[in-house]
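S.K.: predicted coordinates and the sequence they were generated for:
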Amino acid sequence: MSYSGLEENEALKDIFIYNNESSVDSDLLLYASIFGEAYELQWLNENGKYCFEAIDPMAVMVITDGRLRETVTDAIIFDVDDTLGNEKRVRLYCYDDTHRRVYSYTENAPAYKDEDGDAAMASFEVEEEEPHLMGHCPIVQVKNNRWNTGDFEPIISEIDAYNLSVSNSVNDLNDNTDAMMIFKNLDATTEEDVEEAKRMGGFKVSDDGDVKWLIKDVNDSYSENIKNRLKNDIHKFSFVPDMSDEQFASNSSGVAIRYKLLALEQFRLEKIKWMRKAILTRLYMISDYLATKGQAFDPLDIGVTFKANLPQNSVEIAEFVTKLSGITSQATQLTQLGEDIVPDVQDEMEKIQEEKEQSMNNGFVPAPFANAEEDESNGQPPEGSSASQEE
């Protein structure tokens, strides 16, 4: 993910660098993929710096305004700390549009329990209450999809079945290792006889005697077929192809591989839709803060580009960009090359312009132009005149 327009907005660029924006975005996407939603907290630190960070969704509860395009109006962040005496101090950080309030109670203290043993609401103490100076509820919600479901939730049953199949296979192996022995028509089977056999490394049996292991008859092929089918179903229903499959990319053209990744690409575009919405909300919040310092900007002027993290054929891309010459701008062509080749399009265009100017000059620096009128006013004859030649 990359941004355009940051070079003209130093204040926003500094905020992104200070908060390691790319790391926060990565954490948000990871949380959303696991829990179905993610949350970003924004605040001003003790030095007055604008901060934002991804927080654990399991510890957050938000309240929205209930509109068609809902907005977070209030949020609660839970935090539990261990104290002396095996007690737990529970804090609730409550945010609204104007204030930040911190409530707390001691979880295991008898004085804070009601009749059912739960924490009584009256036991909450107000530790802090102060304006957060953000101008809005400082929580940005990032959805994984419209239903707030994680990536693995549709295939939980298949994953559980696969884990059970693998577990049963391991149990069968343990059962074989701990198998019991059968002694057939063998009289000398006392404990001393068994210990002696272990020491000597064998049993002496008669013609109709036998010693063998009692093991379960395992149909290994059936077990492997079940696991392979479950594995294929997991990839099928999660829209994620098996990248380790030898047949995935062997003897396949670039177009054929793209068809295999089509479902995954649609899945990625769904994530981009919701992530773009969250980033725009973040930009509006930062713009509101910078407006108080006279540095407001239009968030719509900041471009956000998402690029699939997939192997690229650089030769094909270079040929494609060459064919765009005369059809699209140079900036568009450089953008198609990707960040691996051109990390900063604007900087690259400036370098290209400098090289063109240097090539035109060819290293030649022209001499200063002599003005004849200025020379005459200084009492010097113009260059090339008869007076200068006589001298």
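M.R.: Here it is on my side, so go on. Numbering: from 1, shown residues only.
S.K.: isn't residue 16 up against residue 9?
M.R.: No. Using Cβ atoms under 8 Å, residue 16 is not in contact with residue 9; the gap is 9.6 Å. In short, each C-beta sits where N, CA and C put it, glycine included.
S.K.: hey, which strand is longest across the protein?
M.R.: strand 72-83 (DSSP state E).
S.K.: so for that one, what's the average pLDDT?
M.R.: On average, the pLDDT along strand 72-83 is 90.
S.K.: what angle separates the longest helix belonging to the chain from strand 72-83?
M.R.: The residue-count maximum for a helix in the chain (DSSP state H) belongs to helix 262-291. Counting by axes from the mean of the first three to the mean of the last three Cα atoms, to 10 degrees, helix 262-291 lies at 90 degrees to strand 72-83.
S.K.: domain ranges for this structure, per the record?
M.R.: Split into domains by automatic domain parsing, the chain comes to 37-143, 154-265.
S.K.: ok, which of these comes nearest residue 338?
M.R.: domain 154-265 (15.1 Å; Cβ to Cβ).
S.K.: one step back: the helix or strand that the longest helix of the chain is followed by packs against which elements?
M.R.: Counting by DSSP states H and E, the next helix or strand C-terminal to helix 262-291 is strand 303-305. Applying 3 or more Cβ pairs under 8 Å, 6 or more residues apart in numbering; DSSP states H and E, one finds that strand 303-305 contacts strand 2-4, helix 262-291.
S.K.: quick check: buried residues in the longest one?
M.R.: The neighbour-count check on helix 262-291 (16 or more other Cβ atoms under 10 Å) flags 264, 268, 271, 274-275, 278-279, 281-283, 285-287, 289-290 as buried.
S.K.: same check on the first one?
M.R.: For strand 2-4, the buried set under the neighbour-count rule, 16+ other Cβ under 10 Å, comprises 2-4.
S.K.: where do the strands sit along the stretch 1-150 of the chain?
M.R.: In the stretch 1-150 of the chain, the segments counted as strands under DSSP state E, counting those that start in this stretch are 2-4, 37-44, 50-55, 60-64, 72-83, 87-95, 99-106, 125-131, 139-143.
S.K.: and the least confident of the buried residues of helix 262-291?
M.R.: Ranking those by pLDDT puts residue 264 at the bottom, with 87.
S.K.: who's in contact with it?
M.R.: By Cβ atoms under 8 Å, 6 or more residues apart in numbering, the residues touching residue 264 are 239-241.
S.K.: repeat that with 10 Å
M.R.: For residue 264, the contacting residues are 235, 238-241, 243, 308, 310, by Cβ atoms under 10 Å, 6 or more residues apart in numbering.
S.K.: for this protein, what helix or strand is lowest in average pLDDT?
M.R.: Here the helix or strand of the chain ranked lowest by mean pLDDT, DSSP states H and E is helix 386-390, holding a mean of 46.
S.K.: circling back to that earlier point, anything in contact with each of residue 16 and residue 9?
M.R.: Common contacts of residue 16 and residue 9 (Cβ under 10 Å, 6+ apart): 3, 286.
S.K.: next one: phi and psi at residue 65?
M.R.: Dihedral pair for residue 65: phi -80, psi 0, per degrees, to the nearest 10.
S.K.: which ones are touching the closest residue to residue 340 other than its chain neighbours?
M.R.: Distances taken as Cβ to Cβ, 6 or more residues apart in numbering place residue 312 nearest to residue 340, at 7.6 Å, with adjacent residues excluded. By Cβ under 10 Å, 6+ apart, the contact set of residue 312 is 254, 337-338, 340-341.
S.K.: ok, back up a step: which of the strands of the stretch 1-150 of the chain has the highest mean neighbour count?
M.R.: Each of these was scored by mean neighbour count; the highest is strand 139-143, a mean of 22, by mean count of other Cβ atoms under 10 Å.
S.K.: what comes up buried for whichever helix or strand comes after that one?
M.R.: Once strand 139-143 ends, the next helix or strand along the chain (criterion: DSSP H and E) is helix 156-177. Neighbour counts over helix 156-177 (16+ other Cβ under 10 Å) mark 158, 161-162, 165 as buried.
S.K.: what is the next helix or strand after helix 156-177 packed up against?
M.R.: Downstream of helix 156-177, the first helix or strand assigned by DSSP H and E is strand 180-184. With contacts taken as 3 or more Cβ pairs under 10 Å, 6 or more residues apart in numbering; DSSP states H and E, strand 180-184 sits against helix 191-200, strand 210-214.
S.K.: repeat the analysis, applying 8 Å as the threshold.
M.R.: strand 210-214.
S.K.: what angle sits between the strand it packs on and strand 180-184?
M.R.: With the same axes, to 10 degrees applied, the angle from strand 210-214 to strand 180-184 works out at 150 degrees.
S.K.: one step back: looking at the domains of the chain, which is nearest to residue 31?
M.R.: That would be domain 37-143 among those, by Cβ to Cβ, at 3.7 Å.
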